[in-house]
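J.: sharing a model prediction with you, sequence too.
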Amino acid sequence: MVDMSSLQALYGGTFDPVHYGHLKPVEILANLIGLQRVIIMPNNVPPHRPQPEATSEQRKAMLELAIADKPLFQLDERELRRETPSYTSQTLQEWRAERGPTQPLGFIIGQDSLLNFPSWHQYETILQNSHLIVCRRPGYPLTMKEEQHQEWLDTHLTNNVEDLHTLPAGKIYLAETPWFDISATLIRERLQQDLSCDELLPAPVLDYIHQHGLYQKSADE
Ligand SMILES: Nc1ncnc2c1ncn2[C@@H]1O[C@H](COP(=O)(O)OP(=O)(O)OP(=O)(O)O)[C@@H](O)[C@H]1O
Ligand SMILES: O=C(O)c1ccc[n+]([C@@H]2O[C@H](COP(=O)([O-])O)[C@@H](O)[C@H]2O)c1
């Protein structure tokens with residue numbers, strides 16, 4: 001019998017701010033593939049995008065509010081403690097060293113991240129230390145832009161959830177999670193226009209945003 005509780009999963013992001021498009025697919029994923037716990041990990045210096053609008057402390061505070069009533073999630077602050085770019089390859093190397101060579105580890109990403117994955121810092125080393133577990137996201141194709149990257153994807157793809165629980169690393173699993181058409185960009189834009197975001201993120205996070213005056217139009221705009 002395969003122990004379906006053995007896989008440990010890390011979910012990295014900028015979370016500027018955290019929203020239902022982050023939380024809901026992963027809650028469903030946890031049920032689909034048998035995850036007891038998801039370690040949610042905000043970055044400090046996102047490697048591939050401008051510095052976020054909210055500070056690291058504010059993004060962490062919003063995550064804490066978002067997961068307060070969700071025991072599935074646990075916050076990990078390791079990237080917040082690093083001042084250098086939050087390279088996933090480095091983080092997963094550290095995580096692997098902590099958990100030992102045989103522990104099955106997974107890194108959760110959305111479909112958009114998979115498409116950009118070959119541009120990540122030392123991306124090949126990431127699969128040496130973990131699996132990649134991909135949630136669907138509307139608006140992004142299922143195939144890679146370059147043929148060599150599609151070949152790389154095909155080499156690592158698995159349809160077998162058991163692989164994630166029995167092998168320590170090396171597989172890519174495209175999970176059949178539902179689409180949530182929400183992005184942090186959309187939320188920041190709607191807040192600037194004073195449009196409602198009630199359905200897009202948890203109420204305590206929205207309250208925090210309003211209390212701290214985040215994502216508002218600056219006076220000179
Ligand atoms: N609606 C969504 N559905 C599935 N995955 C998502 C969704 N939104 C974000 N993700 C995934 O969550 C991780 C963290 O995303 P991130 O914090 O950059 O959010 P974002 O909404 O894409 O932000 P922004 O709009 O600022 O680029 C990424 O792997 C991303 O692919
Ligand atoms: O290591 C990299 O080069 C790299 C490049 C882009 C993104 N990442 C990580 O992927 C996760 C999702 O990124 P983002 O920008 O969509 O929030 C987050 O943990 C980032 O630190 C990592």
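T.: It's in. Ligands and ions are numbered 1, 2, ... in the order given.

J.: I39 and E77 touch, don't they?
T.: No. With contact defined as Cβ atoms under 8 Å, I39 does not count as touching E77 (10.5 Å). C-betas here are computed from N, CA, C, even on glycine.

J.: next, see if the lengthiest helix in the chain gets close to ligand 1.
T.: The residue-count maximum for a helix in the chain (DSSP state H) belongs to helix 20-33. Yes. Between helix 20-33 and ligand 1, judged by Cβ under 6 Å from any ligand atom, the touching residues are 21-22, 25.

J.: need the three-state assignment for Q74.
T.: Here Q74 takes the strand state, with states given by DSSP: H, G, I helix; E, B strand; the rest coil.

J.: now do the contacts for it.
T.: By Cβ atoms under 8 Å, 6 or more residues apart in numbering, the contact list for Q74 reads 37-40, 67.

J.: could you rerun that using 6 Å?
T.: Contact analysis of Q74 by Cβ atoms under 6 Å, 6 or more residues apart in numbering lists 37, 39.

J.: pLDDT at it, what is it?
T.: Looking at Q74, its pLDDT stands at 98.

J.: again, but for E221
T.: Value for E221, per-residue pLDDT: 55.

J.: next: K217.
T.: The model's pLDDT for K217 equals 74.

J.: wait, a strand at it?
T.: No. When three-state DSSP is applied, K217 is found to be coil, with no strand at that position.

J.: and the gap between it and ligand 2?
T.: 24 Å (Cβ to the nearest ligand atom, to the nearest Å).

J.: and the residue nearest to that residue when sequence neighbours are not counted, how many neighbours?
T.: Nearest residue to K217, sequence neighbours excluded (Cβ to Cβ, 6 or more residues apart in numbering): Q192, at 5.0 Å. Close neighbours of Q192, defined as other Cβ atoms under 10 Å, add up to 13.

J.: ligand 2 versus Q192, what's the distance?
T.: 20 Å.
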